[in-house]
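[1] Predicted model and sequence below, questions to follow.
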Amino acid sequence: SIKADRKEIAPGKESRLRIIFQADKLIGNLHYTLEFITNDPRQAITKIPLTVKVLSE
């Protein structure tokens, strides 16, 4: 399962994003895409692909 904090970030400000990946008895790659909604009409949604390699429990 994946848990991520959701919060609004003011323009020009920085923020840290905490994502918790949990896997039970899984070895391999976990693929997930973060989606950020922006105020830019040219690119309203920014997508960032993530790959997490799970080695053991």
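    Okay, I see it.
[2] what are the ranges of the strands in this protein?
    2-4, 19-21, 28-37, 45-54 (DSSP state E).
[3] what's the closest of the ones you listed to residue 11?
    Closest to residue 11 of those is strand 28-37 (C-beta to C-beta; 12.7 Å). The C-beta positions use only the backbone N, C-alpha and C, and glycine is treated the same way.
[4] now the closest one and strand 45-54, what's the angle there?
    160 degrees (axes from the mean of the first three to the mean of the last three C-alpha atoms, to 10 degrees).
[5] Neighbouring strands of strand 28-37 in the sheet, and parallel or not?
    strand 45-54 (antiparallel) (DSSP bridges).
[6] is residue 34 in a bridge, and if so with what?
    residue 48.
[7] my read: residue 30 touches residue 51, true?
    Yes - Residue 30 lies in contact with residue 51 (C-beta atoms under 8 Å); the separation is 7.2 Å.
[8] Those two: which has the busier surroundings?
    residue 30 (14 against 8; other C-beta atoms under 10 Å).
[9] quick one: the more buried one from residue 12, how far?
    32 Å (C-beta to C-beta, to the nearest Å).
[10] now do residue 49
    25 Å.
[11] Residue 37 reaches residue 45, doesn't it?
    Yes - if you go by C-beta under 8 Å, residue 37 and residue 45 touch, sitting 5.8 Å apart.
[12] low pLDDT regions in the protein?
    1-9, 15-17, 19-26, 56-57 (pLDDT under 70).
[13] try 80
    1-30, 36-40, 52-57 (pLDDT under 80).
[14] Next, count neighbours for residue 31.
    Neighbour tally, residue 31, other C-beta under 10 Å: 9.
[15] Now do the contacts for the nearest residue to it once chain neighbours are set aside.
    Of all residues not flanking residue 31 in the chain, residue 51 sits nearest, at 5.5 Å (C-beta to C-beta, 6 or more residues apart in numbering). By C-beta atoms under 8 Å, 6 or more residues apart in numbering, residue 51 lies in contact with 29-32.
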